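[1] coordinates only, no sequence provided:
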């Protein structure tokens, strides 16, 4: 808290706390607009077409048009829907995505809440999304929504286990659950990033395969957490109409939409903190000022978001049983194995 | 071992897929930015016989109404006024012939037109033909009724009035002509009357009798012929009926 630049500027008062909420929220809004545009454009370019070109210069105002369209749509609530649950579901899901921003460090000096169990907190809060999806699916009074929601629950819960093992390994490697501590230990250039074994002697090349495997496991699990293809079953665009957000329209659908993009960023941010060095510059101390650190952090997270979008247009959707197979029979054993290896390494270090 | 092979396969095929996707990401796009960069008419890709919006060249239209009759959806309406011979210095039609009809209204309703081009096939002067224009949407359906006639309403009135005057004039002339003929006939009849005074009464009396005698003969002949024809017809019908039964 003492190092926090907002605290230094405004003191410990209501302004500081509101800024802690407003700054990540503004960032998230701007990021969501860019992510929507990025998804539309990248999706089109991968498919050999140009995408939106008419709104604004080469289509850059398209996200604005989409937001305006969603805001002015009629808010339809099905007659037999469970009104309280139906109305709250999108906001619960968005809360789950946004609450993690309380503990994510953007720079050396900016963490809204410098928790010493930051890693655990982010992981716990990510589970809110599950409740949001179940509420949405159940309250819609629609069998397709319910089906999507049930599958969504099973998918998200079963993929949280490999992610938990991955971040446990990182905690073992760093010796702490504090996010700033984890990032500080990865200072000194990209050779010290956790994906390449964390800081340590040259013997760490032995542990590189394990960290690499854990990185992939965490990334795939993150894809499943945000219901991106190939783990698209809850949304299932062509199978079950639109899954748990079939019955939503207008502002609530915009909330679900926004929550999905926010979740993407949260997951990417967690992966960059754990494996890619957070806000550390890859050149060691060169270009390591706080402003540049924010650029590095956002750049790395956005690169991972780009990879998520890239994967969306490469792979087909996994079937439900294939999904469960991958989670329980492939990712969990391998994550266990890697965890053991990394624990041994960190013990010996 | 199967297990590890499957894991490896999954990862390897994903990587291969991602490589392909990446190539397409930076490859050439196939979208046609219409109409700024590519337009079928300006690029010459429009087929020469394509059937799009019609155009009527009024200098060639002679008001024959063939296009309206040939149209299967009756979207053409043609109204004409005859050219009165009093009208001087009217331009010839574009095939060199003298113009006989003014076309006062030649309206095509493009909301109904089905682009079959039958009207272009029957036009004797090829005044109606298909252009390449296909982007002429309107917000108001009434605006799709194109009137191709190049006569302004004042000109239309003028031409109709001229023609009516000409007709009236002609009628007067005809009546005068008739009167003159009748008078001439009467004049011819009068001098003959003074010459043949005696024979007038005879001829007046006899003529009806002659006429009636001749006429009676003619009538008789006619009736006989009619009876013959009827008999023959009855025989023919009976023969046909018999053939049918057989």
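    Sure, I can see it. Every value quoted in this text rests on a predicted model; they were computed, and no experiment measured them.
[2] element containing the spatially most central residue of chain A, please.
    Residue closest to the mean C-alpha point of chain A, counted by CA atoms, centre = their mean, is residue A:267 at 2.0 Å. Here residue A:267 sits within helix A:251-275, counting by DSSP states H and E.
[3] gap between that helix and the chain center?
    Distance of helix A:251-275 from its chain centroid, counting by CA atoms, centre = their mean, to the nearest Å, is 4 Å.
[4] can you list the strands that the biggest strand by length in chain B pairs with?
    Longest among the strand segments of chain B by residue count, using DSSP state E, is strand B:101-109. Sheet pairing of strand B:101-109 (DSSP bridges) gives strand B:76-82 (antiparallel), strand B:145-147 (antiparallel).
[5] how about JSON lines for the ones you listed, with mean pLDDT and mean neighbour count added?
    Just so you know, the C-beta spots here come from the backbone N, C-alpha and C atoms, and that holds for glycine as well. Formatted as JSON lines, the strands paired with strand B:101-109 follow (pLDDT from 0 to 100; neighbours: other CB atoms under 10 Å in any protein chain shown):
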{"stretch": "strand B:76-82", "mean pLDDT": "90", "mean neighbour count": "19"}
{"stretch": "strand B:145-147", "mean pLDDT": "91", "mean neighbour count": "14"}
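[6] how confident is the prediction for the residue of chain A most remote from its centre, by pLDDT?
    Distance from the C-alpha centroid of chain A peaks at residue A:79, with 34.0 Å (CA atoms, centre = their mean). At residue A:79, the model reports a pLDDT of 86.
[7] that one: what secondary structure?
    coil (DSSP: H, G, I helix; E, B strand; the rest coil).
[8] let me see the contact set for it.
    Residues counted as contacts of residue A:79 (CB atoms under 8 Å, 6 or more residues apart in numbering or on different chains): none.
[9] how is chain B carved up into domains?
    If you go by automatic domain parsing, the domain ranges for chain B are B:54-159, B:196-246.
[10] just those: most buried one?
    The highest mean neighbour count among the domains of chain B, using mean count of other CB atoms under 10 Å in any protein chain shown, belongs to domain B:54-159: a mean of 15.
[11] what's the next secondary structure element after the longest strand of chain B?
    helix B:118-122.
[12] neighbouring contacts of that following helix?
    With CB under 8 Å, 6+ apart, helix B:118-122 has contacts from B:54, B:66-72, B:76, B:126, B:128-130.
[13] at 6 Å what do you get?
    B:66-67, B:70-71, B:128-130 (CB atoms under 6 Å, 6 or more residues apart in numbering or on different chains).
[14] now swap in stretch A:135-151 and tell me
    Contacts for stretch A:135-151 (CB under 6 Å, 6+ apart): A:78, A:80-82, A:85-86, A:89, A:133-134, A:233-234, A:236, A:240-241, A:243-244, A:246-247, A:320.
[15] switch to 8 Å and redo it
    A:78, A:80-83, A:85-86, A:88-90, A:92-93, A:133-134, A:152, A:233-236, A:240-248, A:256, A:320.
[16] show me how far that stretch is from its chain's centre.
    So, by CA atoms, centre = their mean, the centroid of stretch A:135-151 is 23 Å from its chain's centroid.
[17] buried residues, it. List them.
    A:135-140, A:142, A:144-151 (16 or more other CB atoms under 10 Å in any protein chain shown).
[18] picking up where we left off before, next step: the contacts of stretch A:135-151 restricted to strands.
    Using DSSP E, none of the contacts of stretch A:135-151 sit in strands.
[19] mark which of the residues you listed are buried, thanks.
    Buried among the contacts of stretch A:135-151 by 16+ other CB under 10 Å: A:78, A:81, A:85-86, A:88-90, A:92-93, A:133-134, A:152, A:233-236, A:240, A:242-248, A:256.
[20] assign the nearest residue in space to residue B:58 that is not next to it in sequence to helix, strand or coil.
    Once flanking residues are discounted, residue B:58 sits nearest to residue B:150: 4.7 Å by CB to CB, 6 or more residues apart in numbering or on different chains. Three-state call for residue B:150 (three-state DSSP): coil.
[21] now swap in residue A:23 and tell me
    Per three-state DSSP, the secondary structure class of residue A:23 is helix.
[22] which stretch of helix or strand covers residue 19?
    You didn't pick a chain, so chain A it is. helix A:14-46.
[23] you answered for a different chain; I wanted chain B.
    Taking DSSP H and E as the definition, residue B:19 sits inside helix B:2-25.
[24] list the buried ones in that helix?
    B:14, B:17-18, B:21, B:25.
[25] need those residues in JSON lines with pLDDT and distance to residue A:206, can you?
    Shown next, in JSON lines, are the buried residues of helix B:2-25 (pLDDT from 0 to 100; distance: CB to CB, whole Å):
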{"residue": "B:14", "pLDDT": "91", "distance to residue A:206": "26"}
{"residue": "B:17", "pLDDT": "91", "distance to residue A:206": "31"}
{"residue": "B:18", "pLDDT": "91", "distance to residue A:206": "28"}
{"residue": "B:21", "pLDDT": "90", "distance to residue A:206": "33"}
{"residue": "B:25", "pLDDT": "88", "distance to residue A:206": "36"}
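[26] for the residues you listed, which one is nearest residue B:173?
    Ranked by distance to residue B:173 (CB to CB), these are led by residue B:25 at 88.4 Å.
[27] mind listing which of the buried ones among the contacts of stretch A:135-151 are in helices?
    Per DSSP state H, helices hold the following members of the buried ones among the contacts of stretch A:135-151: A:85-86, A:88-90, A:92-93, A:133-134, A:152, A:256.
[28] pipe the contacts of helix B:118-122 into JSON lines and attach secondary structure per row.
    Below are the contacts of helix B:118-122 laid out as JSON lines (three-state DSSP):
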{"residue": "B:66", "secondary structure": "helix"}
{"residue": "B:67", "secondary structure": "helix"}
{"residue": "B:70", "secondary structure": "helix"}
{"residue": "B:71", "secondary structure": "coil"}
{"residue": "B:128", "secondary structure": "strand"}
{"residue": "B:129", "secondary structure": "strand"}
{"residue": "B:130", "secondary structure": "strand"}
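[29] and those, which is closest to chain A?
    residue B:130 (31.1 Å; CB to the nearest CB).
[30] please name the bridge partners of that closest one.
    In this entry, residue B:130 is beta-bridged to residue B:54, by DSSP bridges.
[31] and the following helix or strand past the helix holding residue A:19, what does it pack against?
    Using DSSP H and E, the helix or strand that follows helix A:14-46 in sequence is helix A:62-71. When contacts are defined as 3 or more CB pairs under 8 Å, 6 or more residues apart in numbering or on different chains; DSSP states H and E, helix A:62-71 packs onto helix A:14-46, helix A:251-275.
[32] tell me which of those helices is the most buried.
    Mean neighbour count (mean count of other CB under 10 Å) peaks for helix A:251-275 among the helices and strands packed on helix A:62-71, with a mean of 24.
[33] near chain A, which residues of chain B are found?
    Residues of chain B lying close to chain A (CB under 8 Å from any CB of the partner chain) are B:3, B:7, B:10-11, B:14, B:17-18, B:20-22, B:24-31, B:33.
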